[in-house]
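> Provide a 3D model corresponding to the input given below.
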Amino acid sequence: MLTVIGVIVVLLILVFLVIPLFIGNQYQVEKQVLIQRSNLSVFDFVKLLGNQIYYNKWVMMDPDVKRTSKGVDGTVGFISYWDSRVKNVGKGEQEITKIEAGTNIDSTVRFERPFKNTARVSMTTIAVTPGQTRVIWKMVGQNKYPMNLMNLIVPDMLGKDMQESLGNMKKVLEK
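Numbers count the residues shown, from 1 in each chain. Purely as a prediction, here's the structure:
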């Protein structure tokens with residue numbers, strides 16, 4: 001019996017060390033929503049990281065999160081910091097790295113807890129009609145071997161939360 005358990009443990013360890021050899025280190029998630037508002041009004045809303053308290057599922061998970069910031073929100077160089085006791089919120093910062101007026105805002109998210117990681121995030125707004133805007137939220141990150149095994153499930157987990165957040169954004173902006 002102990003031999004069988006030992007063999008199973010060794011096989012599990014091998015699987016968790018061998019499978020990541022065949023998985024890329026990078027993950028990418030992209031979700032979108034159509035909002036019944038002008039592109040300018042949607043862009044002006046999403047470029048402000050402070051507005052995430054109204055739609056971002058992760059930001060909304062902890063009403064007691066400690067938030068600080070540096071710089072002017074909605075401008076390149078602005079950094080929003082958070083520190084939460086809620087495990088899924090953790091601790092980290094988001095910095096605006098590039099803005100293309102009326103179309104795109106890029107940022108870097110640096111996570112400290114519950115794990116260290118960095119992701120590049122973009123929010124793109126596209127005018128579909130004068131009163132309709134498509135918002136595309138994209139996140140790209142990396143996990144090093146053997147943690148890249150997580151890349152098999154990370155896109156689905158993140159994608160569900162991102163889609164829920166975009167749904168929240170739609171509700172807020174279409175009021």
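> switch to C-alpha atoms for all contacts and neighbour counts from now on
Noted.
> Just the CA trace of the biggest strand by length in the chain, in CSV.
Assignment by DSSP state E gives strand 117-129 as the longest strand of the chain. C-alpha atoms of strand 117-129 as CSV (Å, rounded to 0.1, in the frame of the first residue of the first chain):
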residue,chain,number,x,y,z
ASN,A,117,3.7,39.2,-10.3
THR,A,118,3.5,42.0,-12.9
ALA,A,119,0.9,42.4,-15.7
ARG,A,120,0.4,44.9,-18.5
VAL,A,121,-3.1,46.1,-18.8
SER,A,122,-4.9,48.1,-21.5
MET,A,123,-8.3,49.6,-21.8
THR,A,124,-9.3,50.5,-25.3
THR,A,125,-12.4,52.4,-26.3
ILE,A,126,-13.7,52.3,-29.8
ALA,A,127,-16.7,54.4,-31.1
VAL,A,128,-19.1,52.0,-32.8
THR,A,129,-21.7,54.7,-33.4
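> tell me the mean pLDDT for the helix or strand just after that strand?
Heading C-terminal from strand 117-129, the first helix or strand you meet, by DSSP states H and E, is strand 132-142. For strand 132-142, mean pLDDT is 97.
> Where is the longest helix in the chain?
helix 154-173 (DSSP state H).
> Show me which residues of that helix are buried.
In terms of neighbour count (16 or more other CA atoms under 10 Å), helix 154-173 has its buried residues at 155, 158-159, 161-170, 173.
> Can you say which two of these are spatially most distant?
Using CA to CA, the buried residues of helix 154-173 span at most 26.0 Å, a distance reached by P155 and L173.
> So which elements touch the longest helix of the chain?
When contacts are defined as 3 or more CA pairs under 8 Å, 6 or more residues apart in numbering; DSSP states H and E, helix 154-173 packs onto strand 26-35, helix 57-60.
> Understood, closing this out.
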